[in-house]
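Colleague: Pasting the sequence and the predicted model now:
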Amino acid sequence: MDTLVKLDYGGTVGEQIIGCFEIGLDPAHPPPDGEVSRGGDSGAAWMFTTSEGRPGTVLAGLHFGGEGAGNPDEHALACLPSSVFEKLQIDLRPPAPAEAQVLTGYDPGFLGTRVDTPMLTPLIAGDAVRLDGSEVIPYTHFSLALSSSRRFARWVAWNIDGGSLKRLSRRGIPFVKDVRLPDGVQVGNEVYKDNRLDRGHIARRADLLWDGPAEAERANVDSFFYTNITPQIEDFNQSARGGLWGRLEDAVFADADVDDLRVSVFGGPVFQDDDRLYRGVRIPREYWKVIVFSEQGELRSTAFLLTQNLDQIEALELEEFHVFQVMLGEIEERTRLRFPAGLRGAETLVVSEALGERVPLGSLSEIQWS
């Protein structure tokens, strides 16, 4: 039942050690030609039979090899399905009816005043991964635009209903790639193995868990798609001035009179040509976030930048981050995105003309919310 075999696939793959189990001949039902494994069988499914000997519905294994030429021990080699599915990050279970509902994603009318998602400028629009012809990819309570070259989201947009937030466990929910999209445009677990990199959510999981129980649970699962994940050094929320970055959304509810407890948020990485290359993936070293809400009927927007150095000098490491409250135009310049014009007039940050060297936020109380 538990066997390790060595197979030499040649070329760049070479010799591989594979965990598997053996399938031998049933003397009572031998195959016509005596062969239980033949060339071309790799990838075929081995199924259990019923007690009456008829084909069943339980998958026993996935075929990948057999005995060598001249070996009288006729047998096949198969991998356990659960092991294969885990490595490929797939699931054969059909979705429940609730999970099969059409995803609407980010709602631009969520605040009562329409707030559209950022637009990709012509310089980067051609790099967008498209789903059904659209650069906007929807999930439960959030949407995003994915870069095909960097394989991370350029922006993620999400809505938060602070009045109906749920507390749900994350236990047992795997990080997975989105099967609606090509595998090659998504960074999976290969970059996170055996190092200090964490799989960090762009749209916070806790922000998405609202509305009815079924929808909140779907959002909980959707938050773990790798399209919503970027590499972070051991949760930089902890190194960024006492975790300010991870608490910005909480702070707006605590410090501003938010109409209907509803907030919309945009966020994502800043892509730079000299981002560090690691395992074939360029790791972003800056992140941005824009928080939008309505206060006494007036739209407000506040932009933040998580960086090591606003001047980008010697900012090649991912060790010490600082949070700055910045103007929306600075986010646009760094990301080559364009935000809705209405957000510019709604900015809460007042910048002095005599501004000297900028300093990072030392606490959440320093944020200008209105």
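Modeller: That came through, no problem.
Colleague: could you measure the residue lying closest to Gly163 once chain neighbours are set aside against Ala254, distance?
Modeller: Spatial nearest neighbour of Gly163, excluding adjacent residues (CB to CB, 6 or more residues apart in numbering): Leu261 at 4.3 Å. (Each C-beta comes from the backbone N, C-alpha and C, glycine too.) Separation of Leu261 from Ala254 (CB to CB, to the nearest Å): 12 Å.
Colleague: Look at these two and report which has more neighbours.
Modeller: Leu261 (14 against 11; other CB atoms under 10 Å).
Colleague: tell me the contacts of the more buried one?
Modeller: By CB atoms under 8 Å, 6 or more residues apart in numbering, the residues touching Leu261 are 161-163, 253.
Colleague: Pull out the buried residues from the residues you listed.
Modeller: Among the contacts of Leu261, those scoring as buried are 161-162 (criterion: 16 or more other CB atoms under 10 Å).
Colleague: For the stretch 201-350 of the chain, which segments are assigned as strands?
Modeller: Assigned by DSSP state E, counting those that start in this stretch, the strands in the stretch 201-350 of the chain fall at 229-233, 262-270, 276-278, 281-283, 286-295, 298-307, 322-326, 337-338.
Colleague: mind putting the ones you listed in CSV, distance to Gly188 and mean pLDDT included?
Modeller: As requested, those are exported to CSV (distance: least, CB to CB, whole Å; pLDDT from 0 to 100):
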stretch, distance to Gly188, mean pLDDT
strand 229-233, 9, 85
strand 262-270, 17, 96
strand 276-278, 14, 87
strand 281-283, 10, 91
strand 286-295, 20, 94
strand 298-307, 24, 92
strand 322-326, 29, 87
strand 337-338, 25, 96
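Colleague: can you tell me which helix in the protein is longest?
Modeller: Of all the elements of type helix in the chain, the one with the most residues (DSSP state H) is helix 213-222.
Colleague: Give the other helices and strands that that one contacts.
Modeller: Applying 3 or more CB pairs under 8 Å, 6 or more residues apart in numbering; DSSP states H and E, one finds that helix 213-222 makes contact with helix 205-208.
Colleague: Quick one: residues in contact with the helix it packs on.
Modeller: Contact partners of helix 205-208, identified using CB under 8 Å, 6+ apart, comprise 140-142, 158, 160, 165, 170, 216, 219-220, 222-224, 249, 265.
Colleague: from these, which two are the most distant?
Modeller: The most widely separated members of these are Arg170 and Val265, with 19.5 Å between them, by CB to CB.
Colleague: more crowded one of these two?
Modeller: Set side by side, Arg170 and Val265 show more neighbours around Val265, with 23 against 12, by other CB under 10 Å.
Colleague: Test my guess that that one contacts Ala157.
Modeller: Yes: in terms of CB atoms under 8 Å, Val265 counts as a neighbour of Ala157; the distance is 7.3 Å.
Colleague: Would you mind confirming that Ala128 is in contact with Arg150?
Modeller: No: under the criterion of CB under 8 Å, Ala128 makes no contact with Arg150, lying 11.1 Å away.
Colleague: And the longest strand seen in the chain, what's buried?
Modeller: Using DSSP state E to define each element, the chain has its longest strand at strand 55-66. If you call a residue buried by 16+ other CB under 10 Å, then strand 55-66 has these buried ones: 60-66.
Colleague: With stretch 135-154 instead?
Modeller: The neighbour-count check on stretch 135-154 (16+ other CB under 10 Å) flags 135-147, 150-154 as buried.
Colleague: How far off centre is that stretch?
Modeller: Distance of stretch 135-154 from the chain centroid (CA atoms, centre = their mean, to the nearest Å) equals 9 Å.
Colleague: Output it as PDB - backbone C-alpha positions only.
Modeller: C-alpha atoms of stretch 135-154 as PDB (Å, rounded to 0.1, in the frame of the first residue of the first chain):
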ATOM      1  CA  GLU A 135     -10.300  42.800 -16.800                       C
ATOM      2  CA  VAL A 136     -12.400  42.900 -13.600                       C
ATOM      3  CA  ILE A 137     -12.500  39.500 -12.000                       C
ATOM      4  CA  PRO A 138     -15.300  39.100  -9.400                       C
ATOM      5  CA  TYR A 139     -15.400  37.200  -6.100                       C
ATOM      6  CA  THR A 140     -17.800  37.400  -3.100                       C
ATOM      7  CA  HIS A 141     -17.700  41.000  -1.800                       C
ATOM      8  CA  PHE A 142     -14.500  41.900  -3.800                       C
ATOM      9  CA  SER A 143     -13.100  42.200  -7.300                       C
ATOM     10  CA  LEU A 144      -9.600  42.500  -8.700                       C
ATOM     11  CA  ALA A 145      -7.500  43.100 -11.800                       C
ATOM     12  CA  LEU A 146      -4.600  40.700 -12.300                       C
ATOM     13  CA  SER A 147      -1.300  41.400 -14.000                       C
ATOM     14  CA  SER A 148      -0.300  38.600 -16.300                       C
ATOM     15  CA  SER A 149       3.400  39.500 -16.200                       C
ATOM     16  CA  ARG A 150       3.700  39.900 -12.400                       C
ATOM     17  CA  ARG A 151       1.000  37.300 -11.600                       C
ATOM     18  CA  PHE A 152      -0.300  39.300  -8.700                       C
ATOM     19  CA  ALA A 153      -3.300  41.700  -8.500                       C
ATOM     20  CA  ARG A 154      -2.700  45.300  -9.600                       C
END
